[in-house]
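Chemist: Below is the structure, and that's it, no one-letter string:
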């Protein structure tokens, strides 16, 4: 079974700690030896061999690249920031050894989407929706929390994560989060830089308050928002 390299952290002169995202065990950390040959890069799909004296021990990892995605690190800055933000959040927000098979599959699909310039940022924003939901805060974006309507949904309550139609939202619009339409219908076009900013502000609110518990989100994510705001 292939796994996804997320991150390396320096441990000693001869060793690194690698975070890997696996289908059946979620995030797994382990020691990797520094070698003269290049290690798999974040985003690469690898074959994993793990050795540990006891299951609860960190153990050592042997990584063999099966599908490299290192070329994505040389795309334009918005895609690079989004990609790095995704790997950083997975490596820091996921509890170790807890399976998230839906999120693992969605991460696979998101990485492949990054090869398509027109799909990359949309895929990343939808990834953040799945991340929020998989880590315990259920968003409800399909019907209005006030009227029950499924039409003209335009905002989200920052307290409940439930959608609100424009008619019900209008008196409180400055207190609500904008809901860009592509989060409801990914096939909708065109998607503007403003739409992406609003999507990231929406997911960022719940990531910060209900997932990271007010620990700062990745600096790469902040840089991505700044880039998109400059275009909106």
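Modeler: Okay, I see it. A quick note: this is a predicted structure, and the numbers were derived from the prediction, not measured. Residues are numbered from 1 along each chain as shown.
Chemist: ok, which stretches of the protein are strands?
Modeler: In the chain, the strands defined using DSSP state E lie at 2-10, 15-22, 26-33, 45-51, 60-67, 153-156, 163-165, 177-178.
Chemist: Compute the inter-axis angle for the third one and strand 60-67.
Modeler: For the pair strand 26-33 and strand 60-67, the angle between their directions (axes from the mean of the first three to the mean of the last three C-alpha atoms, to 10 degrees) equals 110 degrees.
Chemist: Tell me what angle strand 26-33 forms with strand 2-10.
Modeler: 50 degrees.
Chemist: Pull out the buried residues from strand 26-33.
Modeler: Across strand 26-33, burial judged by 16 or more other C-beta atoms under 10 Å covers 26, 27, 28, 29, 30, 31, 32. The C-beta positions use only the backbone N, C-alpha and C, and glycine is treated the same way.
Chemist: Tell me the confidence at the first one?
Modeler: The one in question is residue 26. We have a pLDDT of 94 for residue 26.
Chemist: bridging residues for it?
Modeler: residue 22 (DSSP bridges).
Chemist: Now for it: which residues touch it?
Modeler: Residues near residue 26 by C-beta atoms under 8 Å, 6 or more residues apart in numbering: 94, 95, 96, 97, 98, 99, 100, 104.
Chemist: ditto for the fourth one
Modeler: Neighbour list for residue 29: 17, 18, 19, 20, 58, 96 [criterion: C-beta under 8 Å, 6+ apart].
Chemist: Who's the closest spatial neighbour of it, skipping the chain neighbours?
Modeler: Excluding its sequence neighbours, the residue lying closest to residue 29 (C-beta to C-beta, 6 or more residues apart in numbering) is residue 19, at 5.3 Å.
Chemist: Report how many residues lie close to that neighbour.
Modeler: 23 (other C-beta atoms under 10 Å).
Chemist: could you measure it against residue 66, distance?
Modeler: When distance is defined by C-beta to C-beta, to the nearest Å, residue 19 is 18 Å away from residue 66.
Chemist: quick one: the closest residue to residue 34 other than its chain neighbours from residue 35, how far?
Modeler: Leaving aside its chain neighbours, residue 34 sits nearest to residue 14 (5.6 Å; criterion: C-beta to C-beta, 6+ apart). To residue 35, residue 14 is 10 Å away according to C-beta to C-beta.
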